[in-house]
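Trainee: A predicted structure for the sequence below; I have some questions about it.
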Amino acid sequence: MSSLIKFHLALTLCLAATAAAAQEEHQHHEHTQHDSSQSQQAEHHDHASHGDQRTESERAHVPPPPPQYVMRDMSEEQMAEMMAMDDTALFGMAMLDQFEWRDTDAGDTLGWDGRLWYGNDYDKALLRTEGERTDGEYEGSAELLWDHVISRWWSVQAGVAHDFGEGPSRTWAAFGVQGLAPYWFEVEATVYAGEEGRTAASLEAEYEMFLTQRLVLQPKLELDLYGKDDVANGIGSGFSHAELGLRLRYEIRREFAPYIGVSWSRKFGETADLAREHGDDADEVQFVAGVRAWF
């Protein structure tokens with residue numbers, strides 16, 4: 001009987017020890033959860049105390065929903081049609097880069113420099129013209145060219161050009177390149193071949209400096225060279241003429257921008273001598289005011 005009492009006593013002590021251990025484990029688990037919750041709250045508090053590092057636009061941004069349509073395989077023609085990206089679609093543009101009043105030694109002058117083109121992304125028909133009108137007399141040029149893209153930034157041009165003015169008019173075959181040079185310089189270089197072995201070349205380079213989103217400063221350089229004398233038009237062979245302009249425009253819209261500026265021009269060599277014989281200065285500074293527009 002004493003053995004049975006001892007067995008019951010030992011079993012009771014074992015059960016009591018097991019219950020005590022379970023109670024201690026439960027208390028330890030609750031304590032751990034409490035510490036973890038306090039730690040997370042502390043981390044959240046520390047993050048909030050340092051402030052949200054995102055910008056205002058990032059905080060306001062709402063990510064779009066994931067795409068609901070999985071794009072199937074398709075040909076280039078189908079892709080171009082779906083994205084409305086047809087490189088062969090025809091469209092056109094008319095632009096007056098300069099339409100301005102000039103204060104010249106000969107009096108008030110109306111000057112222009114514009115172009116009109118129609119075609120697709122690779123081939124265009126291009127009409128460009130520039131000149132001036134003083135006291136009812138016109139002087140300038142018109143060129144009709146085919147423009148073909150040869151690289152991402154450059155195109156080649158070929159066509160016919162016609163000069164008109166006080167002296168005899170001249171017609172030329174024209175060949176050139178046009179594009180965007182390194183450092184964002186817009187460049188046009190053209191060579192001309194005319195009657196009686198006449199040759200000529202011109203180079204234009206300009207750069208647009210965006211002072212603000214609407215205020216643009218545009219320097220422009222023009223150079224002219226001739227292969228032989230054309231005394232009737234006051235032109236000597238060699239490097240004959242240079243013009244450097246600086247125009248500041250305000251883009252009310254991208255398509256319409258009034259501007260003011262200054263232009264310095266100079267004749268060189270025999271061209272300058274012919275100008276002096278005619279009673280004109282070899283160099284001149286002009287103040288200009290006009291508008292740049294395109295549609």
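Mentor: Looks like it came in fine.
Trainee: Following element in sequence after the strand or helix carrying L145, please.
Mentor: If you go by DSSP states H and E, L145 is part of strand 137-149. Remark: after strand 137-149, the chain's next helix or strand is strand 154-164, criterion DSSP H and E.
Trainee: Contacts for that next one next, please.
Mentor: Applying CB atoms under 8 Å, 6 or more residues apart in numbering, the external contacts of strand 154-164 come out as 126, 131, 138-150, 169-180, 190, 192, 233. Glycine gets a C-beta too; all of them are placed from N, C-alpha and C.
Trainee: now the angle from the helix or strand just after it to strand 154-164?
Mentor: Next in sequence after strand 154-164, counting helices and strands by DSSP H and E, comes strand 170-181. Angle of strand 170-181 versus strand 154-164, following axes from the mean of the first three to the mean of the last three CA atoms, to 10 degrees, is 150 degrees.
Trainee: list the helices and strands strand 170-181 packs on?
Mentor: strand 137-149, strand 154-164, strand 185-194 (3 or more CB pairs under 8 Å, 6 or more residues apart in numbering; DSSP states H and E).
Trainee: Out of those strands, which gets nearest to E284?
Mentor: strand 137-149 (14.5 Å; CB to CB).
Trainee: So for that closest one, mean pLDDT?
Mentor: When pLDDT is averaged over strand 137-149, the result is 96.
Trainee: Using CSV, please lay out the helices and strands packed on strand 170-181 together with distance to R276 and mean neighbour count.
Mentor: What follows is these, written out as CSV (distance: least, CB to CB, whole Å; neighbours: other CB atoms under 10 Å):
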stretch, distance to R276, mean neighbour count
strand 137-149, 19, 16
strand 154-164, 22, 17
strand 185-194, 26, 17
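Trainee: closest to V288 out of the ones you listed?
Mentor: The nearest among the helices and strands packed on strand 170-181, by CB to CB, is strand 137-149 at 16.0 Å.
Trainee: same for that closest one, what does it pack against?
Mentor: When contacts are defined as 3+ CB pairs under 8 Å, 6+ apart, strand 137-149 packs onto strand 107-119, strand 123-134, strand 154-164, strand 170-181.
Trainee: Partner strands of that strand, with direction?
Mentor: Note on strand 137-149: by DSSP bridges, its sheet partners are strand 123-134 (antiparallel), strand 154-164 (antiparallel).
Trainee: Identify the residues contacting that strand?
Mentor: Against strand 137-149 from outside (CB under 8 Å, 6+ apart): 112, 117, 119, 121-133, 155-166, 174, 176, 178, 190.
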